[in-house]
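> What follows is a protein structure lacking sequence information:
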């Protein structure tokens, strides 16, 4: 399941062959679906072995690749830390984990102190890894809970949010793109991502049709009034409607049609790479990092926040800037924005709104002051 464990320090769990059964030590060393096997008292057979493989595939699909990569790195870091301190990560020791959290908060050479949110994420990663190895980590244990509470009380800061890309910004960004094949693709990525309020992983995981590829994250349907995206997203399946724009130059659906037509894509991934000369589309699905790089590059080319140094400008924007931009710019009822972004609560949607609704309701005046 840990397909993201590609680094040499993190791939010991995926390189050992797994047979129809494995002993307890191996199961503790190899987390997730890789340890799924028949009980030792059950004789293997072709049918049962095939079901083991099927169960492993389902286990690998239980979390996203990015989540698994993060959890793998969390475990690798904790395991190295334990061995540097002369101990082992297994079985879980609340006392040692409390010391580990304290070390993360204070920082030790050459590693800087981590933010509270990162420490909390590291702890979640450890709990997940222990569960995959057959252990239970009690986060309420006093050695863990009190240390974490103290870290939050002493070091917690307001969350740092990425800047929203507003309507005027996205227009300036797409205007910097050429009208060659690569430019058509990148224009469609920006406009579809913005109008759909999509995560960068959702953008690149799209296929032309349902079930075109095994790694599909959704598919598109184009109608007269717009495009319908069916997404298997972070929070489950959802439909995203992207209506046609007021003019072709800025219409996300028109941009998508242009890319598919000139790239001659009628099957498989929607957004793929191009040949070196830029004249031909390949069959290789783009990585979600391409979306982040595209946003940063076009932000610079469009001169957005040009009053700041380049390094600061680049740090302000990311893939989430598209989602925050839609939430901040769309002057519609909040529930429609919430549905488009796939949020379970209105409160989560408000976190993405950088400028809307502030002081729209004045409770001071309403209270008679």
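Noted; the coordinates are in hand. Because the structure is predicted, anything quoted here is derived from the model rather than measured.

> Can you give me the distance of residue 107 to residue 113?
3 Å (Cβ to Cβ, to the nearest Å). Any C-beta I mention is one placed from the backbone N, CA and C, and that applies to glycine too.

> And those two? Which one has more around it.
Using other Cβ atoms under 10 Å as the criterion, residue 107 and residue 113 rank with residue 113 on top: 14 against 11.

> Could you look up the SS state of residue 54?
helix (DSSP: H, G, I helix; E, B strand; the rest coil).

> what's the neighbour count on it?
Per other Cβ under 10 Å, the neighbour tally for residue 54 reads 11.

> Could you do residue 81 as well?
18.

> isn't it right up against residue 103?
Yes - counting by Cβ atoms under 8 Å, residue 81 touches residue 103, with 7.1 Å between them.

> In the protein, where's the longest helix?
helix 65-84 (DSSP state H).

> List the buried residues of the helix or strand following that one.
The C-terminal neighbour of helix 65-84 among helices and strands, as given by DSSP states H and E, is helix 94-106. By neighbour count on 16 or more other Cβ atoms under 10 Å, the buried set for helix 94-106 is 94, 96, 97, 98, 99, 100, 101, 104, 105.

> cool, and stretch 227-234?
227, 229, 230, 231, 233.

> repeat for stretch 240-258
Buried, per 16+ other Cβ under 10 Å, within stretch 240-258: 240, 242, 244, 245, 250, 251, 252, 253, 254, 255, 256, 258.

> close enough to count as contact, the fifth one and residue 172?
Looking back up the chat, that one is residue 250. No - checked against Cβ under 8 Å, the pair residue 250 and residue 172 is beyond contact range at 11.0 Å.

> starting at the chain centroid, how far to the helix or strand that contains residue 171?
Taking DSSP H and E as the definition, residue 171 sits inside helix 167-175. Counting by Cα atoms, centre = their mean, to the nearest Å, helix 167-175 is centred 24 Å from the centre of its parent chain.

> what helices or strands is it leaning on?
Applying 3 or more Cβ pairs under 8 Å, 6 or more residues apart in numbering; DSSP states H and E, one finds that helix 167-175 makes contact with helix 181-196, helix 288-301, helix 320-329.

> burial measure for the nearest residue to residue 314 once chain neighbours are set aside, as a count.
Leaving aside its chain neighbours, residue 314 sits nearest to residue 296 (5.2 Å; criterion: Cβ to Cβ, 6 or more residues apart in numbering). Residues lying near residue 296 (other Cβ under 10 Å) number 19.

> In the stretch 151-300 of the chain, what residue spans correspond to strands?
206-207, 218-222, 226-233, 236-243, 272-274, 281-285 (DSSP state E, counting those that start in this stretch).

> on that earlier part again, run through the neighbouring helices and strands of the longest helix of the chain.
Helices and strands touching helix 65-84, by 3+ Cβ pairs under 8 Å, 6+ apart, are helix 94-106, helix 116-132.

> So for that helix, what gets flagged as buried?
Using 16+ other Cβ under 10 Å as the test for burial, helix 65-84 gives 68-79, 81-82.

> same check, this time on stretch 151-170
For stretch 151-170, by 16+ other Cβ under 10 Å, it's 151, 162, 163, 164, 165, 166, 169, 170.

> Quote the end-to-end distance of that stretch.
End-to-end distance for stretch 151-170: 39 Å, by Cα to Cα, to the nearest Å.

> Same question for stretch 58-70.
19 Å.

> same thing with stretch 163-179?
So stretch 163-179: terminal residues 27 Å apart, Cα to Cα.

> just stretch 133-143 next, same as before
One end of stretch 133-143 to the other measures 21 Å (Cα to Cα).

> Flag every buried residue along it.
133, 137, 141, 143.

> Can you verify my assumption that the third one contacts residue 92?
No - in this structure residue 141 lies outside contact range of residue 92 using Cβ under 8 Å: 9.5 Å.

> thinking again about what came up before, got the buried residues of stretch 151-170 as a markdown table, with pLDDT columns?
Output for those, formatted as a markdown table (pLDDT from 0 to 100):
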| residue | pLDDT |
| --- | --- |
| 151 | 94 |
| 162 | 79 |
| 163 | 84 |
| 164 | 85 |
| 165 | 88 |
| 166 | 87 |
| 169 | 92 |
| 170 | 93 |
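
> Residue 179: how many residues sit nearby?
The burial count for residue 179: 10, using other Cβ under 10 Å.

> mind checking how far it is from residue 265?
17 Å.

> that older thread, will you turn the helices and strands packed on helix 167-175 into CSV that also has mean pLDDT?
Compiled in CSV, the helices and strands packed on helix 167-175 are given as follows (pLDDT from 0 to 100):
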stretch, mean pLDDT
helix 181-196, 95
helix 288-301, 94
helix 320-329, 77
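
> Could you save those helices as a markdown table and add columns showing distance to residue 218?
Formatted as a markdown table, the helices and strands packed on helix 167-175 follow (distance: least, Cβ to Cβ, whole Å):
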| stretch | distance to residue 218 |
| --- | --- |
| helix 181-196 | 11 |
| helix 288-301 | 14 |
| helix 320-329 | 16 |
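
> That's all I had, so thanks and see you.
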